[in-house]
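> just need the structure, nothing else, for what follows:
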Amino acid sequence: MTVWEVFERSKDVFPKKEALVFVGADGKELKLTYNILAGDSEFTAHSLKSYRVEAGQRICLHMPNSPEFISAYLAASKLGATSVLLNPALPQDRVEKILKDTAAKIIVKRIGNEIDIKDLNPPLEPLTPRTAAVLYSSGTTGKQKGVELTHGNIYNNIKYASVLTGMTPDDRLICFLPLTHCFGLNFIMGACFYTGATLVLHEKFDLERVLDSLVKNRVTMFFGTPAIYNMILKQKIDPFYFSSVRYFFYAADTLSVNSIKAWEQEYGRKIYTGWGLTETSPFATSNHEAIYKLGSVGKAIPGVEVQIVNENGRILRMESARQNPKNFYGEVFVRGHNVMKGYWNQPEETAKAMDEDGWFRTGDIGYIDHEGYLFIVDRLKDMINVGGEKAWPAEIEKIILQHPDVADTAVVGMPHKIMCAVPKAFVVTKDPALTKKELQEFIKPKLMKHEFPREIEFVEKLPRNQSGKILRRELRDKK
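This next block holds a predicted model:
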């Protein structure tokens, strides 16, 4: 089933049921039934069609969480077009690169409460009839790539997300994560509409408004990143706000065992989790009531295989609980219906990431214990995971080096109690008069919020090995 067909099926079964409760940045609410949201989507599809949008063409959606985003996304699917989803905070120069890369037919933005559609008059490019969405990810190398997800990828992922979380039509799911991210798009919104449940969507995360919304909208399922859970624990939020919530889930980063235990003690419920990447739609493993082991990310979902491969190409798995897990660390490989079609317009990068047998190299390091549970222990590359958002040192370094008084720089991730990690920049200056404040003001407009270095330290030189590569570990260990 396509994205539109999934939604249309629920609309036919639950026409007068609330599909969406939207909480805007101003706190105002808008409620839409399945019938009304379907009508809005059909109207948007008619508007897109007037721009001569054809099946397989790319439609760029550059909007925050909103009813307009959802109706445009559903409309694109109804027409057989491919949605290119862009974080609304993405700097304009990166937006332009993606528009050019995908040869998008149109770009859809929200201006006020209205949808603005601009025809981009792209050159003729091959159509992508099987591709439902393209989400831009840095993958495992830091280079920006468009991840192509098919309707089959998405359908199977939302189906198993619904089943394995125990979702029902009576559930009300809160989503304050961006719908331009695979977690929000598929695991939360997609599974919600597949089930015929109600989506309580926030334009952005605001803790006070989210807490009020949990009570007012009788939310039953809560989805967040480890940074959100850590924030709630640190602020000692009254359990009253979560009294209607029966199910908690986290993803996008690792939540410590101590935090998981503290949550269960404070709020009386387990936190469940899963693991995956944009390239795996994103759901690859999960735990649930029958399959749960503290600290693990569960087992592979139905129809998906997960294996651990070390540098010698050996497939690893612990045979008993007595063995040392560190002896079984390796890169996590995934194969199944969830693995992407490929990277848009980058066949060489696709070939590097996927072998001819369909196995995808995730770039994550982990191990599988003797009972088949997967544990994620580290990142293969230097990516900084800022509360679930990826920040890549090379991208930040490029911006810092644009300042005329900067001679050299290196960016690393430093531990953070709430965000798990944040970027820190080490800078070698040409002019000693350059101040940290001046440099921060220069780079701030060019970076997304999670990319912005929380700390800048001026140094005389950067540690490098004989080949000239920066020794990032020495910088991370620097006191």
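
> which stretches in the stretch 201-350 of the chain count as helices?
Using DSSP state H, counting those that start in this stretch, the helices of the stretch 201-350 of the chain run over residues 207-216, 226-234, 257-267, 347-353.

> pLDDT on the longest one, on average?
When pLDDT is averaged over helix 257-267, the result is 93.

> equivalent analysis for the second one, please.
Mean pLDDT, taken over the full extent of helix 226-234, equals 89.

> buried set for that helix?
Of the residues in helix 226-234, Pro226, Ala227, Ile228, Tyr229, Asn230, Met231, Ile232, Leu233 count as buried by neighbour count, 16 or more other C-beta atoms under 10 Å. (C-beta placed from N, C-alpha, C; glycine too.)

> just give me the closest of those to Phe240.
Comparing the buried residues of helix 226-234 against Phe240 with C-beta to C-beta picks out Ile232 as the nearest, at 12.8 Å.

> grab the nearest non-local neighbour of that closest one.
Using C-beta to C-beta, 6 or more residues apart in numbering and skipping residues adjacent in sequence, the residue nearest Ile232 is Leu207, 7.6 Å away.

> ok, now which ones touch the one you found?
Leu207 is in contact with Met231, Ile232, Gln235, counting by C-beta atoms under 8 Å, 6 or more residues apart in numbering.

> how about those residues in CSV, adding distance to Tyr343?
Formatted as CSV, these follow (distance: C-beta to C-beta, whole Å):
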residue, distance to Tyr343
Met231, 34
Ile232, 36
Gln235, 40
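
> ok, so of those residues, who is nearest Arg454?
Nearest to Arg454, judged by C-beta to C-beta, of the contacts of Leu207 is Met231 at 15.7 Å.

> and the closest residue to Lys461 other than its chain neighbours, what element?
Excluding the flanking residues, the one nearest Lys461 by C-beta to C-beta, 6+ apart is Val428, at 6.1 Å. Val428 is part of strand 420-429 when elements are defined by DSSP states H and E.

> and what of Tyr73?
In this assignment (DSSP H and E), Tyr73 forms part of helix 67-79.

> packing partners of that helix?
Helices and strands touching helix 67-79, as assessed by 3 or more C-beta pairs under 8 Å, 6 or more residues apart in numbering; DSSP states H and E, comprise helix 3-13, strand 18-23, helix 34-49, strand 58-61, strand 82-85, strand 106-111, strand 114-119.

> rewinding a little: which helices and strands sit right next to the helix or strand following the strand holding Val428?
Under the assignment DSSP H and E, the closest C-terminal helix or strand after strand 420-429 is helix 436-443. Judged by 3+ C-beta pairs under 8 Å, 6+ apart, the packing partners of helix 436-443 are helix 393-400, strand 455-458.

> what number of residues lie near the closest residue to Gly268 other than its chain neighbours?
Leaving aside its chain neighbours, Gly268 sits nearest to Pro239 (7.2 Å; criterion: C-beta to C-beta, 6+ apart). Neighbours of Pro239 under the rule other C-beta atoms under 10 Å: 12.

> try Asn310
Asn310 has 14 neighbours, counted by other C-beta under 10 Å.

> mind listing what's buried along stretch 94-110?
94-95, 98-99, 101-110.

> any chance you could map the strands in the stretch 201-350 of the chain?
Listed in chain order, the strands of the stretch 201-350 of the chain (DSSP state E, counting those that start in this stretch) span 221-224, 247-250, 271-275, 285-286, 299-300, 304-309, 315-316, 330-336, 342-343.

> and the fifth one, what does it pack against?
What it means is strand 299-300. strand 285-286.

> for Arg172, which non-adjacent residue is spatially closest?
Nearest residue to Arg172 in three dimensions, chain neighbours excluded: Thr198, at 4.5 Å (C-beta to C-beta, 6+ apart).

> that neighbour contacts Ile174, correct?
No - in this structure Thr198 lies outside contact range of Ile174 using C-beta atoms under 8 Å: 9.9 Å.

> more crowded one of those two?
For Thr198 versus Ile174, neighbours defined as other C-beta under 10 Å are more numerous around Thr198 (27 against 24).

> export the buried residues of helix 226-234 to a markdown table and tack on distance to Lys398?
Converted to a markdown table, the buried residues of helix 226-234 look like this (distance: C-beta to C-beta, whole Å):
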| residue | distance to Lys398 |
| --- | --- |
| Pro226 | 28 |
| Ala227 | 25 |
| Ile228 | 30 |
| Tyr229 | 33 |
| Asn230 | 30 |
| Met231 | 30 |
| Ile232 | 35 |
| Leu233 | 36 |
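
> who's in contact with the most centrally placed residue in the chain?
With distances taken as C-alpha atoms, centre = their mean, His181 lies nearest the centre of the chain, 3.8 Å away. The neighbourhood of His181, defined by C-beta under 8 Å, 6+ apart, consists of Asn87, Leu135, Ala252, Thr278, Gly388.

> same deal with Ile59?
Ile59 makes contact with 48, 53, 72, 76, 81-84, 104-108, according to C-beta under 8 Å, 6+ apart.

> which of those sits closest to Asp12?
Ala76 (20.4 Å).

> can you give me the neighbour number for that closest one?
So Ala76, with other C-beta under 10 Å, has 29 neighbours.

> give the contact list for it.
By C-beta under 8 Å, 6+ apart, the contact list for Ala76 reads Ala45, Leu48, Val53, Ile59, Leu61, Thr82, Ser83.

> strands along the stretch 51-200 of the chain, start to end?
58-61, 82-85, 106-111, 114-119, 131-137, 145-150, 172-175, 198-202.

> quick check: buried residues in stretch 395-412?
Glu395, Ile396, Glu397, Ile399, Ile400, His403, Val406, Asp408, Thr409, Ala410, Val411, Val412.

> pLDDT on the helix holding Tyr73, on average?
In this model, helix 67-79 has an average pLDDT of 97.

> is Glu460 within a helix or a strand, and which one?
Assigned by DSSP H and E, Glu460 belongs to neither a helix nor a strand.

> how close does it get to Leu471?
Shown here: Glu460 relative to Leu471, a distance of 15 Å by C-beta to C-beta, to the nearest Å.

> likewise for Gly152?
Noted for Gly152: a distance of 44 Å to Leu471, by C-beta to C-beta.

> one more: Lys424?
15 Å.

> neighbour count for those two, which is higher?
Neighbours per residue, other C-beta under 10 Å: of Lys424 and Leu471, the larger number sits with Lys424, 21 against 13.

> for the more buried one, give me its contacts.
The neighbours of Lys424, taking C-beta under 8 Å, 6+ apart as the test, are Val411, Val412, Gly413, Met414, Pro453, Arg454, Glu455, Ile456, Glu457, Leu475.

> list the beta-bridge partners for it.
Val412, Glu455 (DSSP bridges).

> got a pLDDT number for it?
As predicted, Lys424 sits at a pLDDT of 95.

> same check, this time on Ile456
The model reports Ile456 with a pLDDT of 96.

> surely it meets Gln440?
Yes - the pair Ile456 and Gln440 passes the contact test of C-beta under 8 Å, sitting 6.6 Å apart.

> those two: which is more packed in?
Neighbour totals were compared for Ile456 and Gln440, and Ile456 leads with 19 against 16 (other C-beta under 10 Å).

> contacting residues around that one?
Here Ile456 is in contact with Lys424, Ala425, Val427, Lys436, Leu439, Gln440 (criterion: C-beta under 8 Å, 6+ apart).
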